[in-house]
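Q: for reference, the sequence and a predicted model appear below.
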There are 2 protein chains.
Amino acid sequence: MSFPLLGRHNERVKLIRALHTAAGRERIGCFLAEGPRVVSELLHSAFPVRLLLCRAREEHYWSELAAAAVKNGAEVYEAEEQLLEQLSPAKTSQGVLAVAELPSYTWEHLLSCARIVVLEGIQDPGNVGTLLRSARAFGFAGALCLGGADPFNARAVRSSAGAVFALPILRFSAGGEISEWLKPLQKGGFALITAVAHGGVSLPQTTFPNRAALLLGAEVSGVSAEASGAAAVEVTIPLEGNCESLNVAVAGSVLMYEMSRRVITDFN
Amino acid sequence: MSFPLLGRHNERVKLIRALHTAAGRERIGCFLAEGPRVVSELLHSAFPVRLLLCRAREEHYWSELAAAAVKNGAEVYEAEEQLLEQLSPAKTSQGVLAVAELPSYTWEHLLSCARIVVLEGIQDPGNVGTLLRSARAFGFAGALCLGGADPFNARAVRSSAGAVFALPILRFSAGGEISEWLKPLQKGGFALITAVAHGGVSLPQTTFPNRAALLLGAEVSGVSAEASGAAAVEVTIPLEGNCESLNVAVAGSVLMYEMSRRVITDFN
């Protein structure tokens, strides 16, 4: 099975290039997934895939993904190494790239979750993806992104190990009114828990409500004063002597693990 | 206070370039620290600093670090933007760069720790640095690196948030005999705990010995069969339904948190 070769003047080249930026993704309503593992996760998800692009003369290697893409209704093209490298959002292309449609979730999706995670201004796409991966692993069934890195940035998608295809994610732009997301959250019965590096209730001593939204603040500046003011509980992970803080993806994951563990314990 | 300008033919340029590779660092016995936060942590540590390089015409900005470096016995140079970018191990220089001496630790340093972490073939320098940062935060007082990314790679140093300056770290090259590090560990009374994605004792049900070495395996391949065979306990973090695994830095950090929490509980 062989597929048409993508020429460098094909309109799809321009489309893929545009998807490298958050603005382009929003305008077009699509995003990129790069590498065999991520593309395979995508093709096993419910997301509509529009285009699959494979390295030329490697049909044997990509035949399984190509067949799944065709079944999914996607176009399949091959690309010469040089063009593929230009179009890949990764430093070095892993030989396969997909264009898929951005999902559109509503509050209803989020309100059906018992626990969700709120990412407030987290800048590093790797941290955003890793936190979504942990959220999924620890039973946080949805996410709210308030500014920060786009969860559909290719690096976030990769770091999420498929979680962006599994969790409903609502997004709000930075600098909006807190009531925009806080009111629906509170109306939905979620208690807001914020994670703070110092001065909160020590994690082993914290009692968590069953319906909770865990808010994690930006890497350096932490939780905003506004979100902090709205918190039902502020929680701190106890650290040894000289240690200032944890990586935000680690801190958030430890908190989600601990909250999930307590639920498990409650049911035993 | 102004400092000599580093010319591009100065021998120090060649030295700094060589420190970009693990082989160069080993040969010269030095490593690079990049950016104001990391350099400040370095200058507050016990590590001998040989050289500080600051962006030219920014004396006002770097005067505090430069004064600390001079006190530390280091040479201080300024560099033009373009040269600094070439010498910086980061994608974009943050304006300050230091050369420090690699430490030399022995088993004695490690054997004085109650708990240590063992990183087996972890390839991503960010993961190695993040794990060392978490180790320090959760009272794991030393580390063993078996192959994998060099903990003195500049990205690992940055991700560690100062932990590489605080923890004794012993390193063994990949592919050596397991007895090389396992024998001294066992002789020192450490029980080997390995983290496995599936099939180990569930983390909430695991009992940890007080003197423990927690071994984390490579990102994709996991713990080696050899290390697995030597483990006193294999532990698994319970995950929700469809979820395959966690990021290795997250998994290791959750395990270290849980182990530290139990020690705290034991003492209360």
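A: Received the coordinates, thanks. This is a predicted model, so every value here is computed, not measured. Residues are numbered from 1 along each chain as shown, chains lettered A, B, ... in the order given.

Q: count the neighbours of residue A:154 for me.
A: Here the number of neighbours of residue A:154 (other C-beta atoms under 10 Å in any protein chain shown) works out to 23. Yep, even glycine has a C-beta here, placed from its N, CA and C like the rest.

Q: now residue A:253
A: 30.

Q: is it fair to say it lies in a helix?
A: Yes - Residue A:253 forms part of a helix when assessed by DSSP: H, G, I helix; E, B strand; the rest coil.

Q: right, and residue A:255 touches residue A:235 too?
A: Yes - between residue A:255 and residue A:235 there is a contact under C-beta atoms under 8 Å: 6.7 Å.

Q: more crowded one of these two?
A: Higher neighbour count among residue A:255 and residue A:235: residue A:255, with 25 against 21, using other C-beta under 10 Å.

Q: who touches that one in this structure?
A: Going by C-beta atoms under 8 Å, 6 or more residues apart in numbering or on different chains, residue A:255 touches A:193, A:195, A:203, A:214, A:216, A:235, A:237.

Q: backbone phi and psi for residue A:222, please?
A: phi 70, psi -160 (degrees, to the nearest 10).

Q: specify the beta-bridge partners of it.
A: residue A:218 (DSSP bridges).

Q: what does residue A:171 give?
A: residue A:145.

Q: where does the prediction get shaky in the stretch 101-250 of chain A?
A: A:241 (pLDDT under 70).

Q: what about the strands in it?
A: A:115-120, A:142-146, A:169-172, A:191-195, A:201-202, A:212-216, A:233-236 (DSSP state E, counting those that start in this stretch).

Q: which bits of the stretch 101-250 of chain A sit near chain B?
A: By C-beta under 8 Å from any C-beta of the partner chain, the residues of the stretch 101-250 of chain A that approach chain B are A:126, A:130, A:133-134, A:136-139, A:159, A:161-162, A:166, A:203-204, A:237-240, A:242-247, A:249-250.

Q: list only buried entries from those.
A: Neighbour-count burial (16 or more other C-beta atoms under 10 Å in any protein chain shown) is assigned, among those, to A:126, A:130, A:133-134, A:136-139, A:159, A:161-162, A:166, A:203, A:237, A:239, A:243, A:245-247, A:249-250.

Q: contacting residues for the residue in the stretch 1-150 of chain A positioned nearest to chain B?
A: In the stretch 1-150 of chain A, the residue that lies nearest chain B is residue A:137 (4.3 Å; C-beta to the nearest C-beta). Remark: with contacts taken as C-beta under 8 Å, 6+ apart, residue A:137 is in contact with A:256, B:237, B:239, B:240, B:243, B:245, B:246.

Q: and the furthest pair within these?
A: A:256 and B:245 (15.0 Å; C-beta to C-beta).

Q: show me what the helix or strand in which residue A:76 is found is packed up against.
A: Assigned by DSSP states H and E, residue A:76 falls within strand A:75-79. For strand A:75-79, the contact count by 3 or more C-beta pairs under 8 Å, 6 or more residues apart in numbering or on different chains; DSSP states H and E identifies strand A:49-55, helix A:59-71 as packing neighbours.

Q: what's next to that strand, contact-wise?
A: By C-beta under 8 Å, 6+ apart, strand A:75-79 touches A:2-6, A:12, A:50-57, A:59, A:66, A:69-70, A:87.

Q: report the angle between the axes of it and helix A:59-71?
A: Calculated by axes from the mean of the first three to the mean of the last three C-alpha atoms, to 10 degrees, strand A:75-79 forms an angle of 150 degrees with helix A:59-71.

Q: gap between strand A:75-79 and the chain center?
A: The chain centroid and the centroid of strand A:75-79 are separated by 26 Å under C-alpha atoms, centre = their mean, to the nearest Å.

Q: do stretch A:41-52 and chain B meet at all?
A: No - Stretch A:41-52 does not reach chain B (C-beta under 8 Å from any C-beta); its nearest approach is 9.6 Å.

Q: thanks a lot, catch you later.
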